[in-house]
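Enquirer: no sequence for this one, just the structure:
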(Lines give C-alpha, C1' and ligand atoms only; values in the text may rest on other atoms or scores of the structure.)
Protein backbone atom coordinates (compact mmCIF):
# COMPACT_ATOMS: atom_id res chain seq x y z
CA UNK A 1 0.00 0.00 0.00
CA UNK A 2 1.25 3.48 -0.88
CA UNK A 3 0.80 6.34 1.59
CA UNK A 4 1.19 9.94 0.45
CA UNK A 5 4.03 11.85 2.08
CA UNK A 6 3.43 14.48 4.74
CA UNK A 7 4.00 17.88 3.16
CA UNK A 8 4.26 18.90 -0.49
CA UNK A 9 5.19 16.79 -3.50
CA UNK A 10 8.75 16.80 -4.83
CA UNK A 11 8.38 16.45 -8.58
CA UNK A 12 10.36 13.59 -10.07
CA UNK A 13 12.64 15.56 -12.38
CA UNK A 14 13.57 17.98 -9.60
CA UNK A 15 14.09 15.09 -7.17
CA UNK A 16 16.39 13.31 -9.61
CA UNK A 17 18.45 16.49 -9.92
CA UNK A 18 18.37 17.18 -6.17
CA UNK A 19 16.72 20.56 -6.73
CA UNK A 20 14.32 21.84 -4.06
CA UNK A 21 12.39 24.84 -5.46
CA UNK A 22 12.42 28.07 -3.49
CA UNK A 23 9.51 28.35 -1.09
CA UNK A 24 8.89 24.58 -0.98
CA UNK A 25 8.88 24.04 2.78
CA UNK A 26 8.04 21.00 4.89
CA UNK A 27 9.22 18.61 2.18
CA UNK A 28 9.82 14.94 2.98
CA UNK A 29 13.05 14.48 1.05
CA UNK A 30 13.22 10.73 1.81
CA UNK A 31 9.87 9.84 0.23
CA UNK A 32 9.92 8.20 -3.21
CA UNK A 33 7.64 7.80 -6.23
CA UNK A 34 5.72 4.66 -7.16
CA UNK A 35 2.77 3.73 -9.36
CA UNK A 36 -0.29 1.51 -9.06
CA UNK A 37 -3.28 1.06 -11.35
CA UNK A 38 -5.68 2.05 -8.58
CA UNK A 39 -3.86 5.13 -7.24
CA UNK A 40 -1.68 6.28 -10.13
CA UNK A 41 1.64 7.95 -9.24
CA UNK A 42 2.15 8.59 -5.53
CA UNK A 43 4.98 10.44 -3.80
CA UNK A 44 5.30 8.97 -0.33
CA UNK A 45 6.14 5.84 1.62
CA UNK A 46 5.11 2.21 1.16
CA UNK A 47 3.84 -0.45 3.53
CA UNK A 48 4.48 -4.18 3.41
CA UNK A 49 1.56 -6.28 4.62
CA UNK A 50 1.23 -9.99 5.38
CA UNK A 51 -2.11 -11.56 6.30
CA UNK A 52 -2.86 -15.02 7.71
CA UNK A 53 -5.76 -16.02 5.47
CA UNK A 54 -7.14 -18.80 7.63
CA UNK A 55 -7.49 -16.73 10.80
CA UNK A 56 -7.98 -13.33 9.09
CA UNK A 57 -5.28 -11.85 11.31
CA UNK A 58 -2.60 -9.33 10.34
CA UNK A 59 0.75 -11.10 10.06
CA UNK A 60 2.92 -8.03 9.47
CA UNK A 61 2.53 -4.35 8.68
CA UNK A 62 5.84 -2.62 8.07
CA UNK A 63 7.37 0.39 6.37
CA UNK A 64 9.15 -0.03 3.06
CA UNK A 65 10.41 2.41 0.49
CA UNK A 66 7.60 3.38 -1.85
CA UNK A 67 9.83 2.60 -4.83
CA UNK A 68 11.09 -0.74 -3.44
CA UNK A 69 10.47 -4.12 -5.08
CA UNK A 70 7.60 -5.84 -3.24
CA UNK A 71 8.44 -9.30 -4.54
CA UNK A 72 12.02 -9.04 -3.23
CA UNK A 73 10.71 -7.85 0.13
CA UNK A 74 8.28 -10.77 0.22
CA UNK A 75 11.19 -13.17 -0.41
CA UNK A 76 13.07 -11.72 2.57
CA UNK A 77 10.06 -11.73 4.89
CA UNK A 78 9.00 -15.31 4.11
CA UNK A 79 12.50 -16.56 4.91
CA UNK A 80 11.55 -16.23 8.59
CA UNK A 81 8.42 -18.31 8.00
CA UNK A 82 9.94 -21.45 6.53
CA UNK A 83 8.05 -24.47 7.84
CA UNK A 84 5.18 -22.30 9.11
CA UNK A 85 3.46 -21.53 5.81
CA UNK A 86 3.01 -23.55 2.64
CA UNK A 87 1.41 -21.02 0.25
CA UNK A 88 1.89 -17.33 -0.52
CA UNK A 89 -0.67 -15.29 -2.47
CA UNK A 90 0.64 -12.13 -4.11
CA UNK A 91 -0.41 -9.89 -7.00
CA UNK A 92 1.29 -9.68 -10.39
CA UNK A 93 4.33 -7.91 -8.90
CA UNK A 94 5.42 -11.41 -7.86
CA UNK A 95 5.17 -12.77 -11.41
CA UNK A 96 8.75 -13.97 -11.42
CA UNK A 97 9.76 -17.39 -12.66
CA UNK A 98 12.91 -17.63 -10.55
CA UNK A 99 11.03 -16.54 -7.44
CA UNK A 100 8.32 -19.14 -8.09
CA UNK A 101 10.75 -22.05 -8.34
CA UNK A 102 13.17 -20.91 -5.61
CA UNK A 103 10.37 -20.54 -3.07
CA UNK A 104 9.42 -24.16 -3.73
CA UNK A 105 12.99 -25.46 -3.83
CA UNK A 106 14.42 -23.66 -0.81
CA UNK A 107 11.38 -23.20 1.43
CA UNK A 108 8.68 -25.59 0.28
CA UNK A 109 6.34 -22.65 -0.39
CA UNK A 110 3.94 -22.45 -3.32
CA UNK A 111 3.71 -18.96 -4.81
CA UNK A 112 0.35 -18.12 -6.38
CA UNK A 113 0.21 -14.95 -8.44
CA UNK A 114 -1.22 -13.62 -11.71
CA UNK A 115 0.90 -13.80 -14.84
CA UNK A 116 1.50 -11.26 -17.56
CA UNK A 117 0.14 -12.02 -21.02
CA UNK A 118 2.46 -13.27 -23.73
CA UNK A 119 5.16 -14.54 -21.36
CA UNK A 120 4.68 -18.29 -21.86
CA UNK A 121 7.70 -18.73 -24.12
CA UNK A 122 9.99 -21.11 -22.23
CA UNK A 123 9.16 -24.65 -20.98
CA UNK A 124 9.81 -23.67 -17.35
CA UNK A 125 7.57 -20.64 -17.71
CA UNK A 126 4.79 -22.79 -19.16
CA UNK A 127 5.24 -25.24 -16.27
CA UNK A 128 4.81 -22.40 -13.79
CA UNK A 129 1.67 -21.11 -15.53
CA UNK A 130 0.20 -24.61 -15.60
CA UNK A 131 0.49 -24.81 -11.81
CA UNK A 132 -1.06 -21.37 -11.36
CA UNK A 133 -3.97 -22.22 -13.66
CA UNK A 134 -5.03 -25.29 -11.68
CA UNK A 135 -8.60 -24.89 -10.47
CA UNK A 136 -7.75 -25.44 -6.79
CA UNK A 137 -4.97 -22.86 -6.97
CA UNK A 138 -7.20 -20.35 -8.72
CA UNK A 139 -9.79 -20.76 -5.97
CA UNK A 140 -7.10 -20.39 -3.32
CA UNK A 141 -5.79 -17.23 -4.95
CA UNK A 142 -9.20 -15.58 -4.72
CA UNK A 143 -8.68 -15.34 -0.96
CA UNK A 144 -6.54 -12.26 -1.56
CA UNK A 145 -9.66 -10.27 -2.45
CA UNK A 146 -11.20 -10.74 0.99
CA UNK A 147 -8.09 -11.01 3.18
CA UNK A 148 -5.00 -9.05 2.09
CA UNK A 149 -6.61 -6.09 0.33
CA UNK A 150 -9.31 -5.44 2.97
CA UNK A 151 -6.72 -5.81 5.75
CA UNK A 152 -4.65 -2.96 4.34
CA UNK A 153 -7.87 -0.97 4.06
CA UNK A 154 -8.67 -1.71 7.71
CA UNK A 155 -5.33 -0.37 8.94
CA UNK A 156 -5.71 2.65 6.68
CA UNK A 157 -9.20 3.37 8.03
CA UNK A 158 -8.34 2.91 11.70
CA UNK A 159 -5.38 5.28 11.60
CA UNK A 160 -6.71 7.65 8.92
CA UNK A 161 -3.66 6.76 6.86
CA UNK A 162 -4.40 8.60 3.62
CA UNK A 163 -1.27 10.60 4.37
CA UNK A 164 1.83 9.82 6.45
CA UNK A 165 1.83 11.16 9.99
CA UNK A 166 5.50 12.07 9.89
CA UNK A 167 8.35 12.79 7.48
CA UNK A 168 11.36 10.59 6.81
CA UNK A 169 12.11 6.88 6.55
CA UNK A 170 12.98 6.25 10.20
CA UNK A 171 9.98 8.11 11.60
CA UNK A 172 7.54 6.28 9.36
CA UNK A 173 9.31 2.99 9.98
CA UNK A 174 8.49 2.97 13.69
CA UNK A 175 5.03 4.55 13.27
CA UNK A 176 3.92 1.90 10.76
CA UNK A 177 5.40 -0.88 12.91
CA UNK A 178 3.51 0.42 15.95
CA UNK A 179 0.27 0.50 13.96
CA UNK A 180 0.80 -3.12 12.90
CA UNK A 181 1.50 -4.33 16.45
CA UNK A 182 -1.58 -2.59 17.87
CA UNK A 183 -3.84 -4.16 15.23
CA UNK A 184 -2.26 -7.58 15.80
CA UNK A 185 -2.84 -7.40 19.56
CA UNK A 186 -6.53 -6.58 19.22
CA UNK A 187 -7.10 -9.05 16.39
CA UNK A 188 -5.46 -11.85 18.32
CA UNK A 189 -7.69 -11.21 21.31
CA UNK A 190 -10.76 -11.11 19.08
CA UNK A 191 -9.68 -14.36 17.40
CA UNK A 192 -9.18 -16.07 20.76
CA UNK A 193 -12.65 -15.02 21.84
CA UNK A 194 -14.25 -16.16 18.60
CA UNK A 195 -15.14 -12.61 17.53
CA UNK A 196 -14.64 -10.91 14.16
CA UNK A 197 -11.05 -9.84 13.62
CA UNK A 198 -12.31 -6.97 11.46
CA UNK A 199 -14.51 -5.19 14.03
CA UNK A 200 -11.70 -3.81 16.20
CA UNK A 201 -11.57 -0.11 15.35
CA UNK A 202 -13.35 1.03 18.53
CA UNK A 203 -11.06 -1.16 20.66
CA UNK A 204 -7.89 0.15 19.00
CA UNK A 205 -8.96 3.78 19.40
CA UNK A 206 -10.35 3.26 22.90
CA UNK A 207 -13.84 4.45 22.11
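Expert: Cool, got the structure. Quantities reported herein were computed from a predicted structural model and do not represent experimental measurements.
Enquirer: Please, which helix or strand holds the residue located most distally from the centre of the chain?
Expert: The centre of the chain is farthest from one residue, residue 22, which by C-alpha atoms, centre = their mean lies 34.9 Å away. Taking DSSP states H and E as the definition, one finds residue 22 inside no helix or strand.
Enquirer: One more: residue 3?
Expert: Per DSSP H and E, residue 3 falls inside strand 2-4.
Enquirer: next one: residue 49
Expert: Going by DSSP H and E, residue 49 is part of strand 40-52.
Enquirer: Following element in sequence after that strand, please.
Expert: Using DSSP H and E, the helix or strand that directly follows strand 40-52 along the chain is strand 57-65.
Enquirer: List the neighbouring strands of that following strand plus their orientation.
Expert: strand 40-52 (antiparallel) (DSSP bridges).
Enquirer: and the partner strand, which residues are buried?
Expert: Neighbour counts over strand 40-52 (16 or more other C-beta atoms under 10 Å) mark 42, 43, 44, 45, 46, 47, 48, 49, 50, 51, 52 as buried. C-betas here are computed from N, CA, C, even on glycine.
Enquirer: List the buried residues in stretch 176-186.
Expert: For stretch 176-186, burial by neighbour count (16+ other C-beta under 10 Å) applies to 176, 179, 180, 182, 183, 184, 186.
Enquirer: now the buried residues of strand 40-52 in TSV, with pLDDT and distance to residue 94?
Expert: Compiled in TSV, the buried residues of strand 40-52 are given as follows (pLDDT from 0 to 100; distance: C-beta to C-beta, whole Å):
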residue	pLDDT	distance to residue 94
42	96	20
43	97	24
44	97	22
45	98	21
46	96	15
47	95	16
48	94	13
49	93	14
50	94	13
51	94	15
52	92	18
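Enquirer: Please name the bridge partners of residue 112.
Expert: Beta-bridge partners for residue 112, by DSSP bridges, are residue 89.
Enquirer: number of nearby residues for it?
Expert: When counting by other C-beta atoms under 10 Å, one arrives at 20 neighbours for residue 112.
Enquirer: Now for it: which residues touch it?
Expert: Contact analysis of residue 112 by C-beta atoms under 8 Å, 6 or more residues apart in numbering lists 87, 88, 89, 90, 132, 137, 140, 141.
Enquirer: got it, and residue 161?
Expert: When contacts are counted by C-beta under 8 Å, 6+ apart, residue 161 touches 3, 155, 179.
Enquirer: Try it again at 7 Å.
Expert: By C-beta atoms under 7 Å, 6 or more residues apart in numbering, residue 161 lies in contact with 3, 155.
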